[in-house]
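Q: Coordinates for the following, if possible.
(chains A and B)
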Protein chains: 2
Amino acid sequence: MAKLGFLGLGIMGYPMARNLRRKGHELWVWSHTRAKAERLASEEGAVACGSPKEVAAQVECVFVCVGDTEMSRGVILGPGGVIEGAEAGLVVVDCSTISPLVSAEINRQLEAKGVEMLDAPVTGSKAGAESGTLTFMVGGKREIFERVRPYLEAMGTQFFYCGGPGMGLRVKVVQNLIQANILQAFNEGMVLAVKAGVDPNLLLEVINNTGARSNLVAAKGPNVLRRDFSTHFSTKWMYKDLGLALELAAHVRVPIPGTALTHQIFQAALAKGWSEEDYSSTIKVLEEIAGVVVQG
Amino acid sequence: MAKLGFLGLGIMGYPMARNLRRKGHELWVWSHTRAKAERLASEEGAVACGSPKEVAAQVECVFVCVGDTEMSRGVILGPGGVIEGAEAGLVVVDCSTISPLVSAEINRQLEAKGVEMLDAPVTGSKAGAESGTLTFMVGGKREIFERVRPYLEAMGTQFFYCGGPGMGLRVKVVQNLIQANILQAFNEGMVLAVKAGVDPNLLLEVINNTGARSNLVAAKGPNVLRRDFSTHFSTKWMYKDLGLALELAAHVRVPIPGTALTHQIFQAALAKGWSEEDYSSTIKVLEEIAGVVVQG
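A: Numbers count the residues shown, from 1 in each chain, chains lettered A, B, ... in the order given. So this is what the prediction gives:
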């Protein structure tokens, strides 16, 4: 069994860390909210630490799962960060969905100290984190990926090696861009149909049984018709990920106008105060404008 | 066995009519291109007629499958049209994808002459028409739908009764709007990823195995990577259907900004002269702008 670290014990990180611990690995943990680390310590026998630096000093591989680019940079390179406690040979696996460009820069700075790093963002939401059935998209050196793969298998069931530093994040950001735009396609079609007199249950059945079918709408559509917007993945986080897609697109000079439009719709949802709801609640933006409610 | 008519023997209509004939129904047919009617007459034993009026005078139920709203109106209500040959009790089943608003108006004019009508647009493309596995979305009186359902079952396997006149078309138009927007989502994501250095085969595999999966991309994605844009459903027809969605949205006052954007991208594809290719070829619009080619 290995000595592992986990930094960031939020809605995704907590169950991921727990799954590592339950495979029998020794686990040192830190979270911005100290109580989460202490809870994992008392419930699962992890060791709660006072800083990322402390964790890094104890382990051979440390996972990071935080909310955004600046948090990731701070936890890894900031004061009290991983880099201060790291010895050469440590592996950092950053599972956060952050800027692929910044991630590659963090990777370079760690490499200069002899520390290895992978970007390994996940998809599968809270349910996948809890059941250990996440999908990992991995960027970095392939041999480092193979070395840590047994640990990833405690948390996920599907693994895509995507190429060098930042490539896992590129794939993740594009995968999320597609999901957000599919949702916007559904929102437009559903609100239009309902205002034009179509039964929403019927429309959902047609969508789910024709070429218009998507995994996303098959999963979220029934919840929308029940007006259940409880959070599997929040509007706030998808908005952030659309911003990452736009940043990447600006960097490589590719126009993604539909994505820019969806990003603005999500911005409208934030303006309405719906940032913490599931991102399927963005249908309410169109509903409010059109003066119609989609209800099954 | 019934006496049936079929008007419009194009890429969809010809195999649909053939499937009706092969169930043993007597079949009177007309097509704008006379040679198509004569071919069906000689190959399948249908009766080729000189006008929609002649067909309507012989049959109890006549199917229409033409390209756009004005063709449908002309074939049914124009000089030499169905309405001139129709006796009270005739049933007109319009399988064309046309304006739901105009279709409901045609329905009213037929009703005034005692002629019944259904809008019954289909999905399933050429392959579904040939194999008799189309999906029908039906608007009009439910009892008329039940009366002609045995004939529809010669051509399709899935039937959605959607409500009164024009409701089948509303569902069809929305279903196509969603497909076109899903394609645009894929196009943006794929072109961005490839220009950012991601292997397109890998990205397609990730899409097809995560929440970003859609029936459309699962079916068309491999063809795109092979640069095979042979036509299953042409850009020209999807462009027309997006126009129908925008017309409906204007009528009921629902903003569908993503659809308007996708419509403009399709307009760019028409400007480039790609109207007859499969609509998956719209990815070339972004590719040309971004200066990259997606090839697996």
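
Q: Phi first, then psi, for residue A:159.
A: Its backbone dihedrals place residue A:159 at phi -140, psi 120, with angles given as degrees, to the nearest 10.

Q: Quickly note the distance from it to residue B:202.
A: When distances are taken as C-beta to C-beta, to the nearest Å, residue A:159 and residue B:202 turn out to be 12 Å apart. All C-beta spots, glycine's among them, are computed from the backbone N, C-alpha and C.

Q: Between those two, which has more neighbouring residues?
A: residue B:202 (18 against 15; other C-beta atoms under 10 Å in any protein chain shown).

Q: how about the stretch of helix or strand residue A:143 belongs to as PDB, C-alpha atoms only?
A: Counting by DSSP states H and E, the secondary-structure element that holds residue A:143 is helix A:142-152. As requested, C-alpha coordinates have been extracted for helix A:142-152 and formatted as PDB (Å, rounded to 0.1, in the frame of the first residue of the first chain):
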ATOM      1  CA  ARG A 142       2.700   8.300 -20.100                       C
ATOM      2  CA  GLU A 143       5.100   6.400 -17.700                       C
ATOM      3  CA  ILE A 144       3.900   8.600 -14.800                       C
ATOM      4  CA  PHE A 145       0.300   7.900 -15.800                       C
ATOM      5  CA  GLU A 146       1.000   4.100 -15.800                       C
ATOM      6  CA  ARG A 147       2.700   4.400 -12.400                       C
ATOM      7  CA  VAL A 148      -0.300   6.100 -10.700                       C
ATOM      8  CA  ARG A 149      -2.900   4.200 -12.600                       C
ATOM      9  CA  PRO A 150      -3.500   1.700  -9.800                       C
ATOM     10  CA  TYR A 151      -4.500   4.700  -7.500                       C
ATOM     11  CA  LEU A 152      -6.800   6.200 -10.200                       C
END
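
Q: and stretch A:118-129, anywhere near chain B?
A: Yes: contact between stretch A:118-129 and chain B is present through A:123, A:124 (criterion: C-beta under 8 Å from any C-beta of the partner chain).

Q: Need the distance between the two termini of that stretch.
A: Looking at stretch A:118-129, the gap from its leading to its trailing residue is 19 Å under the measure C-alpha to C-alpha, to the nearest Å.

Q: pLDDT on that stretch, on average?
A: Averaged across stretch A:118-129, the pLDDT comes to 95.

Q: Next: stretch A:155-171.
A: If you average the pLDDT values across stretch A:155-171, you get 98.

Q: Quick check: buried residues in it?
A: Residues of stretch A:155-171 classed as buried: A:155-156, A:158, A:160-163, A:165-171 (neighbour count, 16 or more other C-beta atoms under 10 Å in any protein chain shown).

Q: Now intersect these with the helices, please.
A: A:167, A:168, A:169, A:170, A:171 (DSSP state H).

Q: I'd like those residues laid out as CSV, including distance to chain B.
A: As requested, these are arranged in CSV below (distance: C-beta to the nearest C-beta, whole Å):
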residue, distance to chain B
A:167, 6
A:168, 10
A:169, 10
A:170, 5
A:171, 6
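
Q: Help me confirm that residue A:268 is found in a strand?
A: No: remark: residue A:268 does not belong to a strand; assigned using DSSP: H, G, I helix; E, B strand; the rest coil, it is helix.

Q: excluding its backbone neighbours, what's nearest it?
A: Excluding its sequence neighbours, the residue lying closest to residue A:268 (C-beta to C-beta, 6 or more residues apart in numbering or on different chains) is residue A:285, at 4.7 Å.

Q: Determine the three-state secondary structure at that neighbour.
A: Local secondary structure at residue A:285 is given as helix here, using three-state DSSP.

Q: That one: neighbouring residues, count only.
A: As a measure of burial, residue A:285 has 23 neighbours, counting by other C-beta under 10 Å.

Q: got a list of what it touches?
A: Residues in contact with residue A:285 (C-beta atoms under 8 Å, 6 or more residues apart in numbering or on different chains) are A:187, A:265, A:268, A:269, A:272.

Q: in the stretch 151-296 of chain A, what spans have low per-residue confidence?
A: Under the criterion of pLDDT under 70, none of the stretch 151-296 of chain A is flagged as low confidence.
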